[in-house]
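Trainee: I'll drop the sequence and a predicted model, then ask my questions.
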Amino acid sequence: MTKIRRNGCSDKFISYGEAKEYPPFEPHTLHAHEECEIFCVFRGDGYYITEGARHKFEPGKIFLMRSGETHMADLCGDEPYERLALHFMPSVADSIDPERRLLKPFYDRPLGRFNVYDRSVVASTGIYEIFHKMSVCQGDSYANCLHVTSLLFSVLTELKGLFDAELYLKQTTGSEHMHAVIEYVN
């Protein structure tokens, strides 16, 4: 059973949703999409896989995926699984950031690498508070869309600061050979 709460836009540019799933879990499949994604796990037992790299779930851990980057949640155990997923088209930033500097954490790195942030570094940024503000309904769909989009830029600014300071996780449980094969295939 999945409970999804959406607030904000679910149009072609941006979508925001929180979900809580209970065992038994539906199997998740490896996938990629056109949008960038910010994924935050709040609770659950499992791994997040991006381009062959496996990362253990930990509350507050944030994962970033860019367009075309393969990823999936590999759920296990009997603990409920709670997460937030924020999808947005890269072009959403073009009007205020035509050089796409805010998208550096998504694109200025190898596929499946340097895209995971521990709670210990994220906690000092205010990102969790911004996620909470995103979940507060603003009335009609246009107001929600405007609300979530404006807050997205704050999240992207904070993530860029973490990326520039190289505060992402540098080690993964995926092998270097696997990364080499995936880069070749891509």
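Mentor: Structure received. Residues are numbered from 1 along each chain as shown.

Trainee: wait, Ile38 sits on Ser154?
Mentor: No - counting by C-beta atoms under 8 Å, Ser154 is not a contact partner of Ile38; they are 12.0 Å apart. For the C-beta atoms, the positions are set from N, CA and C on the backbone; glycine is no exception.

Trainee: those two: which is more packed in?
Mentor: The neighbour count for Ile38 versus Ser154, taken as other C-beta atoms under 10 Å, is higher for Ile38 (23 against 16).

Trainee: name the nearest residue to that one, ignoring sequence neighbours.
Mentor: Once flanking residues are discounted, Ile38 sits nearest to Leu86: 4.3 Å by C-beta to C-beta, 6 or more residues apart in numbering.

Trainee: quick check: that neighbour vs Leu64, distance?
Mentor: 10 Å (C-beta to C-beta, to the nearest Å).

Trainee: residues shared between the contacts of these two?
Mentor: Common neighbours of Leu86 and Leu64, using C-beta atoms under 8 Å, 6 or more residues apart in numbering, are 37-39.

Trainee: for the residues you listed, give me JSON lines that also has secondary structure and distance to Thr70.
Mentor: JSON lines is the format used below for these (DSSP: H, G, I helix; E, B strand; the rest coil; distance: C-beta to C-beta, whole Å):
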{"residue": "Glu37", "secondary structure": "strand", "distance to Thr70": "12"}
{"residue": "Ile38", "secondary structure": "strand", "distance to Thr70": "16"}
{"residue": "Phe39", "secondary structure": "strand", "distance to Thr70": "13"}
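
Trainee: closest one of the residues you listed to His147?
Mentor: His147 lies nearest to Ile38 out of those, by C-beta to C-beta, at 16.3 Å.

Trainee: which ones are touching that closest one?
Mentor: Neighbours of Ile38 in contact, by C-beta under 8 Å, 6+ apart: 62-64, 84-86, 155, 159.
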